[in-house]
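**Student:** all I have is the shape, not the residue letters:
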């Protein structure tokens, strides 16, 4: 084969192969959230008992928001981990659950049977889920004391991620918040 | 006459042009994943309550780039038409291959309602599409924006046609200018040698 043709071919193929290699390292199902590093959309939602939670009232405290549903298998998987997290960081990190397109009665049954790690807030019309760009449950948003989204988990949150981000959130000095 | 073992010029050109075309075709899948993040702003806006919202006083207050409505509030058939227009541009996050106009998923329905409430409040089509893009990322747009690596998607089809046309024109011109003289001479020699 002519050397010039070989060089031209290599010049074209090498970047494409690199691009392919880069592409194979990423799960195409995972779409990076454009909200990371931006202020968390504020909301006022009521839980199953009618108690209203306003996210703005939690400013100054780290918040973990989990969109979940009883029909979602990974939500069952991560449930014990969130229970443990809510117990370990009680009073330090606020855990909020937002019900994603599910029947409140089923949520109530689930909580009664398996326990609850935080208020199950009802998102009528799914507007909060849209504001957070939720593709499907479970999705977990980690919000720092300043109300900024610092990380997001798609699918069941892993112990490593929960521990790592929670420690990062708690390490942020409380007096530095504005 | 062509030397034995040498590569003829037309083959080399063909190889190069094939490599260029292959490269353009192979770049297609990557262009679709390309995205650019919209810049952050600090604007706060209390979204109007959605239809069917059971508990009064509840809702979402989003920080985004919507700002003030730049259009006029729509209603009736005009609103329906505007909602359909926006819905056709937005990908259903649950089903991915469908627009929210074509999907019956609950998420798609919620997004259509969101688009309706925003358009009814006077937000323009661009503002509403931009709102969904800020929340979900550029992936939510069925038609990627013509910028960055996405330009490959827009430029590749036209480029392929132009490159192909240029190759055809060049080939025809070469033939017209006697570009195949060497080949003709070679064939003539073969014919002579085989007949004698």
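**Tutor:** Arrived safely. As the structure is a prediction and not an experimental result, all values here were calculated from the model. Numbering: from 1, shown residues only, chains lettered A, B, ... in the order given.
**Student:** low-confidence ranges in chain A?
**Tutor:** A:1, A:27-31, A:175-178 (pLDDT under 70).
**Student:** do that again at 90, thanks
**Tutor:** Across chain A, the ranges flagged by pLDDT under 90 are A:1-33, A:124-125, A:173-178.
**Student:** helix or strand for the nearest residue to residue A:68 once chain neighbours are set aside, which one?
**Tutor:** Spatially, and ignoring its direct neighbours in sequence, residue A:68 is nearest to residue A:75 (4.2 Å; CB to CB, 6 or more residues apart in numbering or on different chains). Glycine gets a C-beta too; all of them are placed from N, C-alpha and C. Taking DSSP states H and E as the definition, residue A:75 sits inside helix A:73-88.
**Student:** just list what that helix packs against, helices and strands only.
**Tutor:** Packing partners of helix A:73-88 (3 or more CB pairs under 8 Å, 6 or more residues apart in numbering or on different chains; DSSP states H and E): strand A:63-68, strand A:94-99, helix A:159-171.
**Student:** now with 7 Å?
**Tutor:** Applying 3 or more CB pairs under 7 Å, 6 or more residues apart in numbering or on different chains; DSSP states H and E, one finds that helix A:73-88 contacts strand A:94-99, helix A:159-171.
**Student:** domains in chain B, by residue range?
**Tutor:** Domain ranges of chain B: B:9-32+B:148-195, B:36-140, per automatic domain parsing.
**Student:** next: chain A.
**Tutor:** As assigned by automatic domain parsing, chain A contains the domains A:1-30, A:33-176.
**Student:** which residues of chain A fall in helices?
**Tutor:** Using DSSP state H, the helices of chain A run over A:3-24, A:73-88, A:104-114, A:127-131, A:159-171.
**Student:** what sits against residue A:87?
**Tutor:** Shown in contact with residue A:87 (CB atoms under 7 Å, 6 or more residues apart in numbering or on different chains): no residues.
**Student:** got the buried residues for the helix holding residue A:75?
**Tutor:** A:75, A:78, A:79, A:81, A:82, A:83, A:85, A:86 (16 or more other CB atoms under 10 Å in any protein chain shown).
**Student:** just stretch A:95-105 next, same as before
**Tutor:** A:95, A:96, A:97, A:98, A:99, A:100, A:101, A:102.
**Student:** as JSON lines, those with distance to chain B would be great.
**Tutor:** Compiled in JSON lines, the buried residues of stretch A:95-105 are given as follows (distance: CB to the nearest CB, whole Å):
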{"residue": "A:95", "distance to chain B": "19"}
{"residue": "A:96", "distance to chain B": "13"}
{"residue": "A:97", "distance to chain B": "16"}
{"residue": "A:98", "distance to chain B": "11"}
{"residue": "A:99", "distance to chain B": "12"}
{"residue": "A:100", "distance to chain B": "9"}
{"residue": "A:101", "distance to chain B": "5"}
{"residue": "A:102", "distance to chain B": "10"}
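**Student:** just put those in a markdown table and tack on distance to residue B:160.
**Tutor:** Below are the buried residues of stretch A:95-105 laid out as a markdown table (distance: CB to CB, whole Å):
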| residue | distance to residue B:160 |
| --- | --- |
| A:95 | 53 |
| A:96 | 51 |
| A:97 | 51 |
| A:98 | 47 |
| A:99 | 49 |
| A:100 | 43 |
| A:101 | 43 |
| A:102 | 48 |
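**Student:** could you identify the most distant pair in those?
**Tutor:** Greatest spacing in these, by CB to CB: A:95 and A:101 (20.3 Å).
**Student:** nearest to residue B:88, of the buried residues of helix A:73-88?
**Tutor:** Using CB to CB, the buried residues of helix A:73-88 come closest to residue B:88 at residue A:75, 32.0 Å.
**Student:** was I right to think the closest one contacts residue A:140?
**Tutor:** No: using CB atoms under 7 Å, residue A:75 is not in contact with residue A:140; the gap is 10.3 Å.
**Student:** residue B:111 is nearest to which of the helices of chain A?
**Tutor:** Closest to residue B:111 of these is helix A:127-131 (CB to CB; 6.1 Å).
**Student:** say whether chain B is contacted by that closest one.
**Tutor:** Yes: with CB under 7 Å from any CB of the partner chain as the criterion, chain B is reached by helix A:127-131 at A:127, A:128, A:130, A:131.
**Student:** and that helix, how far from the chain's centre?
**Tutor:** 13 Å (CA atoms, centre = their mean, to the nearest Å).
**Student:** in stretch B:102-116, what's buried?
**Tutor:** In stretch B:102-116, counting by 16+ other CB under 10 Å, buried: B:103, B:105, B:107, B:108, B:109, B:110, B:111, B:112, B:113, B:114, B:115, B:116.
**Student:** would you point out the most distant pair within those residues?
**Tutor:** Greatest spacing in the buried residues of stretch B:102-116, by CB to CB: B:105 and B:116 (16.5 Å).
**Student:** what residues are up against the residue nearest to residue A:68?
**Tutor:** Neighbouring residues of residue A:75 by CB under 7 Å, 6+ apart: A:68, A:69, A:137, A:138.
**Student:** for residue A:119, see how far away the closest residue in space to the second one that isn't next to it in sequence is.
**Tutor:** Looking back up the chat, that one is residue A:69. Spatial nearest neighbour of residue A:69, excluding adjacent residues (CB to CB, 6+ apart): residue A:102 at 4.0 Å. Distance from residue A:102 to residue A:119, counting by CB to CB, to the nearest Å: 15 Å.
**Student:** farthest-apart pair in the residues of helix A:127-131 next to chain B, please.
**Tutor:** Pairwise across those, and taking CB to CB, the largest span is found between A:128 and A:130, at 7.3 Å.
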